[in-house]
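1. sequence isn't available, so here's the structure alone:
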């Protein structure tokens, strides 16, 4: 921790990522949940992982991906900082003061709305899904799953561009996304049931996010919100929790190798594109929704005889 503080002391105060300060609390909560799961597993029943269970190799894969993502996210943010600084300085029609409450509200709500838009796109465009799918690859749902983060943040970097264009200081964009990310940690658990109805109506909760991680047909592509679930209610993607979801990808990867978990979808896209014979199909495999396939071609003359 002393080494971490030394590195942070070298950064301007506004650029010190709150996520780094939250890491010890993440680990404490993860340990508590893991301990509770081990004590309670023996009273759970069923042929699938019991609610809130941990699989050691699965959990360590998630934690490992989270540790790598700390470095990769920092690299992406550095690239974004250069671009955002140019947009904020030379393109934005005005500069909002970073020490005013309304700028913070605009930044936090703006980041959350743009996160919803990016997150929804990531589930509907396969090339972007390839960056995100690793987070959904675990068949367990617990605090370790929250740390199973992607290593390619390019989509989010693009999604945030409207904020510096609106005059929000770049450091505040990053701080707001860190707040968003920290909030989302606690919704990755089966140990918290539904909350008070007004909270469930406005905010993303464990119940809502369990639905998002479900691979059941009723739950696919639902509940994209980060902090607020009202975006899903407004834009028609909300689904309340009806039953305990089955977690993971519709086509499980069946590996704990973190490199394969991060890259297997890129490999699958390349294989599909290489095997396609038409440019329209190549485009569909890359930019269509996950699972897209070209429609069967009707041989010439068959339609006329039908």
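-> Here it is on my side, so go on. The structure presented is a predicted model; accordingly, all values stated were derived computationally and were not measured.
2. number of nearby residues for the closest residue to residue 128 other than its chain neighbours?
-> In this structure, residue 128 finds its nearest non-sequential neighbour in residue 122, 4.5 Å apart by CB to CB, 6 or more residues apart in numbering. From N, CA and C alone the C-beta is placed, and that goes for glycine too. As a burial measure, residue 122 scores 23 neighbours (other CB atoms under 10 Å).
3. again with residue 198
-> 8.
4. ok, now residue 158?
-> The tally of other residues near residue 158 (other CB under 10 Å) stands at 15.
5. what packs against the helix or strand harbouring it?
-> Residue 158 is part of helix 154-159, with elements assigned from DSSP states H and E. Helix 154-159 is packed against helix 56-86, helix 101-124, helix 126-132, with contacts defined by 3 or more CB pairs under 8 Å, 6 or more residues apart in numbering; DSSP states H and E.
6. OK, contacts around residue 104?
-> Applying CB atoms under 8 Å, 6 or more residues apart in numbering to residue 104 gives the contacts 172, 176.
7. may I see the buried residues of the helix holding residue 158?
-> In terms of neighbour count (16 or more other CB atoms under 10 Å), helix 154-159 has its buried residues at 155-157, 159.
8. following it, which helix or strand comes up?
-> According to DSSP H and E, the helix or strand after helix 154-159 is helix 162-165.
9. and that following helix, how far out from the chain's middle?
-> Helix 162-165 sits 21 Å away from the centroid of its parent chain (CA atoms, centre = their mean, to the nearest Å).
10. do stretch 184-194 as well
-> Per CA atoms, centre = their mean, the centroid offset for stretch 184-194 relative to its chain is 15 Å.
11. compute the first-to-last residue distance for that stretch.
-> Length of stretch 184-194, first residue to last, CA to CA, to the nearest Å: 16 Å.
12. which residues does that stretch contact?
-> For stretch 184-194, contacts defined as CB under 8 Å, 6+ apart pick out 22, 26, 29, 33, 36, 51-52, 141-143, 145-147, 200, 204-210, 213, 226-227, 241, 244.
13. filter those residues down to the buried ones.
-> With neighbours counted by 16+ other CB under 10 Å, these contain buried members at 26, 33, 51-52, 141-143, 145-147, 200, 204-210, 213, 226-227, 241.
14. can you flag which of those residues belong to strands?
-> Using DSSP state E, the subset of the buried ones among the contacts of stretch 184-194 located in strands is empty.
15. what sits closest to residue 225 if chain neighbours are left out?
-> Nearest to residue 225 is residue 204, by CB to CB, 6+ apart, at 4.6 Å.
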